[in-house]
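K.L.:
coordinates for the following, if possible.
(4 chains)
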There are 2 protein chains.
Amino acid sequence: MQLIDEDKIIDISELFKIFGDSTRVKIINALIDNELCVCEIASIINVSQSAVSHQLRILKASKLVKYKKNGNCIYYSLADEHVEKIFKLGCEHINEL
Amino acid sequence: MQLIDEDKIIDISELFKIFGDSTRVKIINALIDNELCVCEIASIINVSQSAVSHQLRILKASKLVKYKKNGNCIYYSLADEHVEKIFKLGCEHINEL
DNA sequence: TAACTATATGAATATCTGTTCATATATAAA
DNA sequence: TTTATATATGAACAGATATTCATATAGTTA
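P.N.:
Here you go, the predicted model:
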């Protein structure tokens, strides 16, 4: 019982909280197998540049995305396979409901 | 690109939103391999009976927990292996950060 | 340098969410 | 039937969160 200590539980819930917003999930979905700049993301998911930027900041802070600069643009991609794995497990659960 | 439609994205984010609260994650953690009644959960995770009951309602509505009545008490358990799987994947991600 | 494009960010606002408190309901025991 | 225990629930409140709008920053091109 209670194998996991409170601090870790809070970390886990904060990780999932990031996945708990549809704009962020849309961004993550768009970034699967793709490297996209901010305005491409905004255009693909149909959300304002500002809103995307705010959410990317949160994704960056949680280390779920990484980015690299190229000229005028900043290209974002998923930080590691874990992100896609969590996303896909969520998909599966939804599909089986 | 955008293989997944908007409705499904919203379902996915709503699933993760459930995991995005530490009280609910504590409940889920307590229920791994255990069947517990409301007051046991409240006592184990140190949260008021009312708060636990409110959160169990949300977990029930999302079909993440199931329950059975036994006399005066109502025993809750995880709805299926998916719930534990998602939780454990979250754990792994945290551990590797 | 001036104009343009891409991105970030702060403030304001509206909405959502979780807890508490009081209380209702239901079962069990005396 | 009265009392006690377990659970659920509604209202109220406080705190969190996402978007918008305006604007700042920084790199690029003319």
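K.L.:
what packs against the longest helix along chain A?
P.N.:
Longest helix in chain A, counting residues (DSSP state H): helix A:81-96. Helix A:81-96 sits against helix A:6-19, helix A:22-31, helix B:6-18, helix B:81-96, with contacts defined as 3 or more CB pairs under 8 Å, 6 or more residues apart in numbering or on different chains; DSSP states H and E. (Each C-beta comes from the backbone N, C-alpha and C, glycine too.)
K.L.:
distance to B:A51, mean neighbour count and mean pLDDT for these - can I get that in a markdown table?
P.N.:
Formatted as a markdown table, the helices and strands packed on helix A:81-96 follow (distance: least, CB to CB, whole Å; neighbours: other CB atoms under 10 Å in any protein chain shown; pLDDT from 0 to 100):
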| stretch | distance to B:A51 | mean neighbour count | mean pLDDT |
| --- | --- | --- | --- |
| helix A:6-19 | 15 | 19 | 97 |
| helix A:22-31 | 26 | 23 | 98 |
| helix B:6-18 | 15 | 19 | 97 |
| helix B:81-96 | 20 | 17 | 95 |
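K.L.:
now those helices in a markdown table, with distance to DNA strand C?
P.N.:
A markdown table is the format used below for these (distance: least, CB to the nearest atom of the strand, whole Å):
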| stretch | distance to DNA strand C |
| --- | --- |
| helix A:6-19 | 9 |
| helix A:22-31 | 11 |
| helix B:6-18 | 6 |
| helix B:81-96 | 16 |
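K.L.:
for A:L89, find the nearest of the ones you listed.
P.N.:
helix B:81-96 (5.7 Å; CB to CB).
K.L.:
so what's the residue nearest in space to the middle of chain A up against?
P.N.:
Residue closest to the average C-alpha location in chain A (CA atoms, centre = their mean): A:I28, at 4.2 Å. A:I28 sits next to A:19, A:59, A:64-65, A:78, A:83-84, A:87 when contact means CB atoms under 8 Å, 6 or more residues apart in numbering or on different chains.
K.L.:
so A:S13 is in contact with B:D21, correct?
P.N.:
Yes: A:S13 is within contact range of B:D21, at 5.7 Å (criterion: CB atoms under 8 Å).
K.L.:
thought A:A42 was touching A:Q55?
P.N.:
No: using CB under 8 Å, A:A42 makes no contact with A:Q55, being 10.3 Å away.
K.L.:
torsion angles phi and psi at the spatially closest residue to A:L59 that is not a sequence neighbour?
P.N.:
Spatial nearest neighbour of A:L59, chain neighbours left out: A:V65 (4.4 Å); criterion: CB to CB, 6 or more residues apart in numbering or on different chains. Here is the backbone geometry of A:V65 (degrees, to the nearest 10): phi -130, psi 160.
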